[in-house]
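S.K.: no sequence on this one, just coordinates:
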């Protein structure tokens, strides 16, 4: 299994930007498709963005399209989420996750998860 550790969360004003990182160790990072999910208080975990093993294909939830960009550096075993034009409704704990499946948006398909990093957007 791959071990995942997120970083980069924090407090930011609406309209600001943050970049999240997810460092992977253990099994070969490039063997996995990766995803970012988030969970706000009192809400279910939701898909944010996903990326293929090579990084050549990315896909995102409608709520973040045009604002968030997922990317990966397989040489550095790291996944990223660049978040721009942040809104208060983006406030949540953000998780990175790994899967052997291609193109999935379902949390049940992801077998490895990080511990999460808090993102808080003030209005």
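M.R.: Structure received. Quick caveat: nothing in here was measured; it's all calculated off a predicted structure. Numbers count the residues shown, from 1 in each chain.
S.K.: where does the prediction get shaky in this structure?
M.R.: For the chain, not a single residue meets the criterion pLDDT under 70.
S.K.: residue nearest the middle of it, spatially speaking?
M.R.: In the chain, the centroid-proximal residue (C-alpha atoms, centre = their mean) is residue 36; its distance is 2.3 Å.
S.K.: for it, what are its contacts?
M.R.: Going by C-beta atoms under 8 Å, 6 or more residues apart in numbering, residue 36 touches 20, 22, 47-50, 68, 70, 79, 81, 94-97. Quick note: C-beta positions are derived from backbone N, CA and C, even for glycine.
S.K.: in ChimeraX, how would I select the buried members of these?
M.R.: Listed next is the ChimeraX selection for buried residues among the contacts of residue 36, using 16 or more other C-beta atoms under 10 Å:
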select :20,22,47,48,49,50,68,70,79,81,94,95,96,97
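S.K.: switch the contacts of residue 36 over to CSV; also include secondary structure and distance to residue 121.
M.R.: Listed next are these as CSV, based on DSSP: H, G, I helix; E, B strand; the rest coil; distance: C-beta to C-beta, whole Å:
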residue, secondary structure, distance to residue 121
20, strand, 13
22, strand, 20
47, strand, 19
48, strand, 14
49, strand, 17
50, strand, 22
68, strand, 13
70, strand, 18
79, strand, 21
81, strand, 14
94, strand, 12
95, strand, 17
96, strand, 19
97, strand, 22
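S.K.: in TSV: the contacts of residue 36, plus distance to residue 111.
M.R.: Below are the contacts of residue 36 laid out as TSV (distance: C-beta to C-beta, whole Å):
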residue	distance to residue 111
20	20
22	15
47	15
48	18
49	18
50	14
68	23
70	19
79	15
81	20
94	18
95	13
96	13
97	8
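S.K.: isn't residue 47 up against residue 62?
M.R.: No. Residue 47 lies out of contact with residue 62 (C-beta atoms under 8 Å); the separation is 10.5 Å.
S.K.: partners of the helix or strand hosting the residue nearest to the centre of the chain, with directions?
M.R.: According to DSSP states H and E, residue 36 maps onto strand 33-39. Its sheet considered, strand 33-39 pairs with strand 46-51 (antiparallel), strand 92-99 (antiparallel) by DSSP bridges.
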